[in-house]
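A.B. asks: Please find the sequence and the predicted model below.
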Amino acid sequence: MIKAVLVMNTQGKPRLAKFYEFQPVEQQQEAIRNVFSDAESIFGPDSRLVYKHFATLYFVFIFDSSENELAMLDLIQVFVEALDKCFRNVCELDIVFNYSKLHTILDEIILGGQVLETSSTEVMRAIEEIARLEAASSAINLVPKSVSGWRSR
């Protein structure tokens, strides 16, 4: 099971922190501060960590012994590919200003600590469908025209 996904900049400032296993806020903050030095003390002795460095960002996955390190590295690659397709060479500012989209992409890949999708193409197809449905729902007028015309008189 995946316990947490973190995206941090090179100064160690978290840009995304998503925990799939309950941790009190204090422990979450401690985990973020000490992620590279002592993740085991926060998440338990069977916890492992993999990360990949892209440009100015570190993508960190913390998981238990039931997951494979190489599979997690591949999952980081899928996540980054999906972000690159969305933002064309993702950078720190894309993450800061499109936080909800970042969470939507991550939720298409991992939900509740379990891997849902390992294909960035399928993830992007789902994201495009979500965007299409959001656009269609915002175009729906809930007040009939006859009523809205009556109110303006």
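C.D. replies: All right, it came through fine. Residues are numbered from 1 along each chain as shown.

A.B. asks: Secondary structure element holding the residue nearest the centre of the chain?
C.D. replies: Nearest residue to the geometric centre of the chain (C-alpha atoms, centre = their mean): Leu106, 3.3 Å. Element membership for Leu106 (DSSP states H and E) is helix 99-109.

A.B. asks: in that helix, what's buried?
C.D. replies: Residues Lys101, Leu102, Thr104, Ile105, Leu106, Glu108, Ile109 are the ones in helix 99-109 that count as buried (16 or more other C-beta atoms under 10 Å). C-beta coordinates here come from the backbone N, C-alpha and C atoms, glycine included.

A.B. asks: hang on, the earlier thing: mind checking pLDDT for the residue nearest to the centre of the chain?
C.D. replies: Here the pLDDT value assigned to Leu106 is 94.

A.B. asks: Quick check: it touching Lys18?
C.D. replies: Yes. Contact status for Leu106 versus Lys18: in contact at 6.4 Å, counting by C-beta atoms under 8 Å.

A.B. asks: Now for these two: what residues contact both?
C.D. replies: Shared contacts of Leu106 and Lys18, defined by C-beta atoms under 8 Å, 6 or more residues apart in numbering, are found at Val5.

A.B. asks: quick revisit: what's the helix holding Leu106 packed up against?
C.D. replies: The helices and strands touching helix 99-109, judged by 3 or more C-beta pairs under 8 Å, 6 or more residues apart in numbering; DSSP states H and E, are strand 14-19, helix 69-87, helix 120-138.

A.B. asks: mean confidence for the last one?
C.D. replies: What it means is helix 120-138. 89.
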